[in-house]
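J.: sequence first, predicted coordinates after that:
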Amino acid sequence: MYGIKPGPVIRKALEEEVRKRMLEEIEARARELGSRVSHIPDEEIAKLIREDRGKR
């Protein structure tokens, strides 16, 4: 129809929907993690990150 091949169009739509759902799941996990660590002071988080970088 109209010279458009449905396969590539469907594939792109599916890939975009999967990407969208993955991002939604990641955002939900990030919010959950944020609420779990919100009681930890920023300075402590920065210290832990620096220590971890130093080990690499």
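T.: Looks like it came in fine.
J.: quick check: mean pLDDT of the longest helix that the chain contains?
T.: Identified as the longest helix of the chain according to DSSP state H is helix 6-37. For helix 6-37, mean pLDDT is 95.
J.: next secondary structure after that helix?
T.: helix 42-55 (DSSP states H and E).
J.: quick one, that next one and helix 6-37 angle?
T.: 120 degrees (axes from the mean of the first three to the mean of the last three Cα atoms, to 10 degrees).
J.: mind checking how far helix 42-55 is from the chain centre?
T.: 22 Å (Cα atoms, centre = their mean, to the nearest Å).
J.: list the contacts of that helix.
T.: residue 37 (Cβ atoms under 8 Å, 6 or more residues apart in numbering). Every residue, glycine included, has its C-beta placed from N, CA and C.
J.: can you check stretch 22-40 too?
T.: By Cβ under 8 Å, 6+ apart, stretch 22-40 touches residue 45.
J.: on that earlier part again, now the longest helix of the chain: how far from the chain's centre is it?
T.: With Cα atoms, centre = their mean, you get 7 Å for helix 6-37.
J.: for stretch 43-56, same thing?
T.: Worked out by Cα atoms, centre = their mean, stretch 43-56 lies 22 Å from the chain centre.
J.: CA atoms of that stretch as PDB?
T.: Provided in PDB are the C-alpha atoms of stretch 43-56 (Å, rounded to 0.1, in the frame of the first residue of the first chain):
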ATOM      1  CA  GLU A  43      28.800  13.800  51.400                       C
ATOM      2  CA  GLU A  44      28.700  10.100  52.300                       C
ATOM      3  CA  ILE A  45      27.600   9.100  48.800                       C
ATOM      4  CA  ALA A  46      30.400  11.200  47.200                       C
ATOM      5  CA  LYS A  47      32.900   9.600  49.600                       C
ATOM      6  CA  LEU A  48      31.700   6.100  48.600                       C
ATOM      7  CA  ILE A  49      31.900   7.000  44.900                       C
ATOM      8  CA  ARG A  50      35.500   8.300  45.300                       C
ATOM      9  CA  GLU A  51      36.500   5.200  47.100                       C
ATOM     10  CA  ASP A  52      35.100   3.000  44.400                       C
ATOM     11  CA  ARG A  53      36.800   5.000  41.700                       C
ATOM     12  CA  GLY A  54      40.100   4.700  43.600                       C
ATOM     13  CA  LYS A  55      39.800   0.900  43.600                       C
ATOM     14  CA  ARG A  56      39.600   0.700  39.800                       C
END
